[in-house]
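**Q** take this sequence and fold it.
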Amino acid sequence: MLEAISHINEQNFDQLFRQYFPRLDAYARRFVKDADVAKDIVQESFINIWEKKGEVKMETLENYLFICVRNSCLNFLKKQLLLQEKLNHFQDSMWMEEIYRIDFLKDEPTKMIEEELREEIHSLMEELPPRCKEVFTLSREEGLKNREIAERLNISIKNVERHISTALKKFKQKFGGEIGVLIFYCLYYSLM
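**A** This is a model prediction of the structure:
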């Protein structure tokens with residue numbers, strides 16, 4: 001039988017809070033892994049119950065409390081996931097905006113950055129083994145396909161792929177992962 005909890009007064013509610021808070025707090029921590037956030041969620045659940053005490057109908061108060069905390073934890077985790085996705089998107093956008101700024105504005109600091117990058121790219125290209133450098137240059141500067149490079153240099157397509165892969169690994173190490181390679185591609189063609 002479902003009953004409203006409108007009969008709870010402040011004294012009963014305080015006792016209820018003291019009785020269930022530790023268990024609900026521990027329960028919330030299992031979801032959110034953050035003690036402060038867990039406490040906030042449990043407190044907000046109690047506030048919500050107090051504000052809606054005339055509207056809430058339930059079989060047992062204990063079940064209702066745990067359901068409220070669980071749902072609040074899940075909502076928090078969903079918001080955190082969405083926030084992280086937006087933050088990742090924002091960071092990617094910032095990188096792209098910086099690339100465009102460097103490429104289009106051509107102000108003095110940008111020119112200095114371009115010059116430094118040009119020197120780093122040139123230095124890295126010089127560090128590549130001669131054949132690797134030749135294959136990479138044919139691929140990136142002349143835009144030849146792997147098959148065309150293999151025919152021109154009289155080597156196998158697998159060797160062409162290996163040389164390009166070796167060069168890209170060096171650039172990833174130097175410029176840091178995928179963004180570094182993206183920056184390299186964008187700048188390499190505009191700087192050469």
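**Q** so where is the protein shaky, pLDDT-wise?
**A** 1-9, 53-59, 89-111, 113-114, 176-192 (pLDDT under 70).
**Q** recalculate using a threshold of 50.
**A** Residues of the chain that meet the criterion pLDDT under 50 lie in 1-4, 178, 187, 189, 191-192.
**Q** ranges for the strands of it?
**A** Applying DSSP state E to the chain gives strands spanning 3-4, 57-58.
**Q** and the gap between L128 and E151?
**A** 21 Å (Cβ to Cβ, to the nearest Å). Any C-beta I mention is one placed from the backbone N, CA and C, and that applies to glycine too.
**Q** ugh, wrong one, I meant N159
**A** 12 Å.
**Q** same check on T60?
**A** For T60, the distance to E151 equals 78 Å [Cβ to Cβ].
**Q** so which of these two has more stuff around it?
**A** When neighbours are counted by other Cβ atoms under 10 Å, T60 and E151 differ, and E151 comes out ahead with 13 against 9.
**Q** hmm, who's touching stretch 76-91?
**A** Under the criterion Cβ atoms under 8 Å, 6 or more residues apart in numbering, residues F31, V32, V37, I41 lie in contact with stretch 76-91.
**Q** one more time with 6 Å, if that's ok
**A** V32 (Cβ atoms under 6 Å, 6 or more residues apart in numbering).
**Q** could you do stretch 35-45 as well?
**A** L24, D25, A28, R29, V32, C68, V69, S72, C73.
**Q** and those, which two are furthest apart?
**A** Greatest spacing in the contacts of stretch 35-45, by Cβ to Cβ: R29 and C68 (15.7 Å).
**Q** give me the buried entries from the contacts of stretch 35-45.
**A** With burial judged by 16 or more other Cβ atoms under 10 Å, the buried subset of those is L24, D25, A28, R29, V32, C68, V69, S72, C73.
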